[in-house]
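Peer 1: Pasting a predicted model and its sequence here:
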Amino acid sequence: MVIPFNKPFLTGRETNYIEQAVASGKISGDGMFTRYCQQLLEEKYSFKKCLLTTSCTDALEMAALLANIQPGDEVIAPSYTFVSTVNPFVLRGAVIKFCDSRADHPGIEEAKLECLISPKTKAIAVTHYAGIACDMDVVMEIAQRHNLMVIEDAAHSIDSLYKGRPLGSLGHASAFSFHETKNIIAGEGGMIVLNDEGLIERAEIIREKGTDRSKFFRGEVDKYGWVDVGSSFLPSDITAAFLYAQLQNLEAIQTRRKQIWETYFDAFQSLDDKGFIALPQLPEYATNNGHIFYMVCNSADERDHLINYLQEKGILAIFHYLPLHQSAYYKTKYHGPPLPMAEKYASQLIRLPLFYTLTEQEQQFIIDQVKKFYAAK
């Protein structure tokens with residue numbers, strides 16, 4: 001028996017909707033399924049404006065354009081995150097001021113944001129790691145005082161809340177992922193959410209190669225032309241058709257994923273109590289959306305031995321990010337303070353298999369093997 005880290009879940013309607021998209025004769029961007037998805041998400045989460053994109057990375061690239069990032073501008077971002085959180089700003093010539101993670105959670109340490117702000121700072125990008133919210137009241141208060149744009153990297157965060165409000169609805173703009181490793185998938189795919197109404201019109205233009213084509217299709221102009229910078233960020237309506245089938249099953253998918261997450265948490269509480277591992281900590285303002293189940297081991301060697309032990313048993317458990325401030329590309333450019341917590345999570349965090357079709361028997365086998373590993377210590 002081999003248990004993979006991830007297995008994409010199909011609801012059964014994906015190919016039916018793809019056939020409908022093809023039959024409609026409109027399979028390029030902004031077809032009927034794109035509209036269905038955007039409307040569903042706007043209504044469910046009260047997002048002001050949703051625009052599907054080809055990836056979360058593209059959504060973040062749009063956000064960097066909307067923030068008017070210029071060469072030499074500074075953007076504050078976590079080091080413990082995926083490269084897509086910062087790469088769009090680097091592409092615009094920004095200098096990244098990396099912030100450390102919290103001691104109790106891999107998310108950005110909000111208390112250290114203010115000391116990283118300078119006259120060159122234009123934006124703060126936060127990542128809601130594992131779908132667990134950063135303290136957005138703190139982030140937004142700091143940003144408001146310093147007139148900074150806040151971008152939420154909500155790649156992990158579909159259907160997760162901060163003080164009862166959906167993640168992705170709190171910053172000026174946010175980016176979601178529908179990659180096959182996420183809760184709701186489209187193979188590849190993403191979405192930008194605009195919460196600042198002043199960004200919506202320009203976002204439509206940027207997404208349409210810098211043209212006002214969207215206005216033309218709505219009958220608001222008699223012809224369209226090149227009016228701004230932009231690129232081709234629209235996904236095919238075939239991608240949107242696949243996504244729509246997933247979104248229609250969001251509640252069932254979320255219920256099962258959270259059940260798996262909670263089963264892990266309860267099963268490993270005794271290991272946490274004994275100090276063998278540290279379980280995820282959920283702040284009182286946040287909810288869990290069942291995206292990632294992680295544990296933090298007591299050392300890098302122990303984490304690596306656990307990964308190898310589980311692999312020998314047919315279980316694919318994996319680590320996560322390497323700190324961006326230590327990356328081959330950025331380490332010579334980084335001149336900030338040490339970031340010990342980001343480095344700790346990079347060397348000691350392990351993620352266990354979590355996907356919709358993980359059976360109770362498979363999950364119990366994983367739990368048993370983790371406990372056997374620690375029983376031998």
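Peer 2: It's in. Residues are numbered from 1 along each chain as shown.
Peer 1: hang on, residue 242 in a strand?
Peer 2: No: assessed with DSSP: H, G, I helix; E, B strand; the rest coil, residue 242 is helix; it does not lie in a strand.
Peer 1: burial measure for it, as a count.
Peer 2: 26 (other Cβ atoms under 10 Å). All C-beta atoms are positioned from the backbone trio N, CA, C, and that covers glycine.
Peer 1: Do I have it right that it meets residue 14?
Peer 2: Yes: counting by Cβ atoms under 8 Å, residue 14 is a contact partner of residue 242 at 4.7 Å.
Peer 1: okay, now residue 229: neighbour count?
Peer 2: Residues near residue 229, counting by other Cβ under 10 Å: 11.
Peer 1: so who does it touch?
Peer 2: 65, 206, 210 (Cβ atoms under 8 Å, 6 or more residues apart in numbering).
Peer 1: Against residue 205, how distant is it?
Peer 2: Here residue 229 is placed at a distance of 9 Å from residue 205 (Cβ to Cβ, to the nearest Å).
Peer 1: any idea where the strands of the protein begin and end?
Peer 2: Secondary structure of the chain (DSSP state E): strands at 49-53, 74-78, 95-99, 121-127, 149-153, 161-162, 165-166, 173-177, 190-194, 277-278, 294-297, 349-351.
Peer 1: Can you tell me the centre-most residue of this structure?
Peer 2: With distances taken as Cα atoms, centre = their mean, the residue of the chain nearest its centroid is residue 155 (1.5 Å).
Peer 1: Spit out the contact partners of the closest residue in space to residue 192 that isn't next to it in sequence.
Peer 2: Nearest residue to residue 192, sequence neighbours excluded (Cβ to Cβ, 6 or more residues apart in numbering): residue 59, at 3.9 Å. For residue 59, the contact set (Cβ under 8 Å, 6+ apart) comprises 53, 175, 176, 190, 191, 192, 233.
Peer 1: Go again with 10 Å.
Peer 2: Residue 59 makes contact with 51-53, 84, 88, 151, 153-155, 173-177, 189-193, 203, 207, 233 under the criterion Cβ atoms under 10 Å, 6 or more residues apart in numbering.
Peer 1: Identify the contacts common to residue 242 and residue 14.
Peer 2: 185, 186, 187.
Peer 1: Tabulate those residues (TSV), appending neighbour count.
Peer 2: Below are the shared contacts of residue 242 and residue 14 laid out as TSV (neighbours: other Cβ atoms under 10 Å):
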residue	neighbour count
185	21
186	29
187	14
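Peer 1: And those residues, which is closest to residue 147?
Peer 2: Within the shared contacts of residue 242 and residue 14, the smallest distance to residue 147 is 35.6 Å, found for residue 186 (Cβ to Cβ).
Peer 1: so the closest one touches residue 238, yeah?
Peer 2: Yes: between residue 186 and residue 238 there is a contact at 9.4 Å, judged by Cβ atoms under 10 Å.
Peer 1: okay, and the common contacts of these two?
Peer 2: residue 14.
Peer 1: Correct me if wrong: residue 183 contacts residue 255.
Peer 2: No: between residue 183 and residue 255 there is no contact under Cβ under 10 Å: 11.2 Å.
Peer 1: what about these two, which has more around it?
Peer 2: Neighbour count, other Cβ under 10 Å: between residue 183 and residue 255, residue 183 has more, with 27 against 11.
Peer 1: Would you check how far apart that one and residue 176 are?
Peer 2: 10 Å.
Peer 1: Next, show the common contact partners of those two.
Peer 2: In terms of Cβ under 10 Å, 6+ apart, residue 183 and residue 176 are both contacted by the residues 156, 157, 158.
Peer 1: can you redo those residues as a markdown table with neighbour count and distance to residue 374?
Peer 2: Listed next are those as a markdown table, based on neighbours: other Cβ atoms under 10 Å; distance: Cβ to Cβ, whole Å:
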| residue | neighbour count | distance to residue 374 |
| --- | --- | --- |
| 156 | 23 | 27 |
| 157 | 28 | 31 |
| 158 | 26 | 33 |
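Peer 1: Tell me the buried residues in the biggest helix by length in the chain?
Peer 2: Secondary structure of the chain per DSSP state H: the longest helix is helix 250-267. For helix 250-267, burial by neighbour count (16 or more other Cβ atoms under 10 Å) applies to 250, 253, 254, 256, 257, 258, 260, 261, 263, 264, 265, 267.
Peer 1: so who does the residue lying farthest from the centre of the chain touch?
Peer 2: Residue farthest from the centre of the chain, counting by Cα atoms, centre = their mean, is residue 222 at 38.4 Å. Residues in contact with residue 222 (Cβ under 10 Å, 6+ apart) are 215, 216.
Peer 1: repeat for residue 106
Peer 2: So residue 106 contacts 78, 80-81, 127, 129-130, 132, 280, 292, 294, 296, 320-321, 341-342, 344-346, 349 (Cβ under 10 Å, 6+ apart).
Peer 1: switch to 8 Å and redo it
Peer 2: 80, 129, 130, 294, 341, 342, 345, 349 are the contacts of residue 106 under Cβ under 8 Å, 6+ apart.
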